[in-house]
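Student: this one's structure only:
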């Protein structure tokens, strides 16, 4: 059967492809990322550099765990840099802030503006290779946060149940889902294997990490909100905005 070429017609304007699974305008997601990450960053700076107290009774803010107190140095400064480095170099967040704050690259389906050659994560952005090391530090901190939940519930040898315990528990669950669904941890559990059936324990662990990894973006945002909410709740107790009693 002979093949025919379509007749030449007038030049067509380039078409920008859009995500077929979303009816939202393309500016909604980057605007959301800029607003949320920007506000969280400002709040984190305020907490780390302008506050020295992160504990109220049995409750300890995730910004201050584990507790390290050295004269003249903000306590949260010893802790906050590790999860900050983990999120800053996270594969998902890198995509989010590159496309939102820098608008470059815009997306896989959108025409790139003329800004020169995209060189990826080279030069200054080589620090993203620190991600797998930041994972080890953040995983250790998640262990401390689980310890904080148990010590808050069993406070001074007695059972203590309050709204703060529930908030702290939800926070550490979300942080665990985000941390242990990390791409670096997924590679650590199953990467470099040519034969999964020869390493069944690692294969089962890899499958478990993959379940979390599939929703890595969801865990990333959920844990960001719960960290902020947990610290805010404890800070409102410290400032006396929330009355002491049944709520804590």
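Tutor: Nice, I can see it. Note that this is a predicted model, so its numbers are computed, not measured.

Student: so how many other residues sit close to residue 129?
Tutor: Close neighbours of residue 129, defined as other Cβ atoms under 10 Å, add up to 10. Every residue, glycine included, has its C-beta placed from N, CA and C.

Student: three-state assignment of residue 193?
Tutor: coil (DSSP: H, G, I helix; E, B strand; the rest coil).

Student: pretty sure it contacts residue 201?
Tutor: No. Contact criterion Cβ atoms under 8 Å: residue 193 and residue 201 do not qualify, at 11.4 Å.

Student: between those two, which one's more packed in?
Tutor: In this view residue 193 and residue 201 are compared by other Cβ under 10 Å, and residue 193 has more residues nearby, 13 against 8.

Student: show me what contacts the spatially most central residue of the chain?
Tutor: Taking Cα atoms, centre = their mean as the criterion, residue 220 is the residue nearest the geometric centre of the chain, at 3.7 Å. Applying Cβ atoms under 8 Å, 6 or more residues apart in numbering, we find residue 220 in contact with 87, 90, 92-93, 178.

Student: Okay, and which of the residues you listed map to strands?
Tutor: With strands defined by DSSP state E, no entry of these lies inside them.

Student: Show me which pair in those residues is furthest apart.
Tutor: Using Cβ to Cβ, the contacts of residue 220 reach their maximum pairwise distance at 93 and 178, which is 10.4 Å.

Student: Give me the more crowded residue out of those two.
Tutor: Higher neighbour count among residue 93 and residue 178: residue 178, with 29 against 19, using other Cβ under 10 Å.

Student: For that one, give me its contacts.
Tutor: Per Cβ under 8 Å, 6+ apart, neighbours of residue 178: 216, 219-220, 222-223.

Student: Please apply the same query to residue 82.
Tutor: 134, 137-138, 141.

Student: Where do the strands of this protein begin and end?
Tutor: Taking DSSP E as the criterion, the chain carries its strands at 55-56, 59-60, 154-155, 158-159.

Student: Quick one: residues contacting residue 54.
Tutor: Residue 54 neighbours (Cβ under 8 Å, 6+ apart): 47, 60-61, 63-64, 67, 75-76, 231, 234.

Student: just the buried members of the residues you listed?
Tutor: 47, 60-61, 63-64, 75-76, 231, 234 (16 or more other Cβ atoms under 10 Å).

Student: mind putting these in JSON lines, pLDDT included?
Tutor: Below are the buried ones among the contacts of residue 54 laid out as JSON lines (pLDDT from 0 to 100):
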{"residue": "47", "pLDDT": "95"}
{"residue": "60", "pLDDT": "96"}
{"residue": "61", "pLDDT": "96"}
{"residue": "63", "pLDDT": "96"}
{"residue": "64", "pLDDT": "95"}
{"residue": "75", "pLDDT": "87"}
{"residue": "76", "pLDDT": "90"}
{"residue": "231", "pLDDT": "97"}
{"residue": "234", "pLDDT": "96"}
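
Student: distance between stretch 131-144 and the chain's centre?
Tutor: 12 Å (Cα atoms, centre = their mean, to the nearest Å).

Student: Sorry, slip of the keys, the one I care about is stretch 202-222.
Tutor: On Cα atoms, centre = their mean, the centre of stretch 202-222 falls 13 Å from the chain's centre.

Student: Stretch 24-38 now?
Tutor: With Cα atoms, centre = their mean as the basis, stretch 24-38 stands 16 Å off its chain's centre.

Student: Let me know the average pLDDT across that stretch.
Tutor: Averaged across stretch 24-38, the pLDDT comes to 87.

Student: Kindly report the same for stretch 174-185.
Tutor: Stretch 174-185 shows a mean pLDDT of 94.
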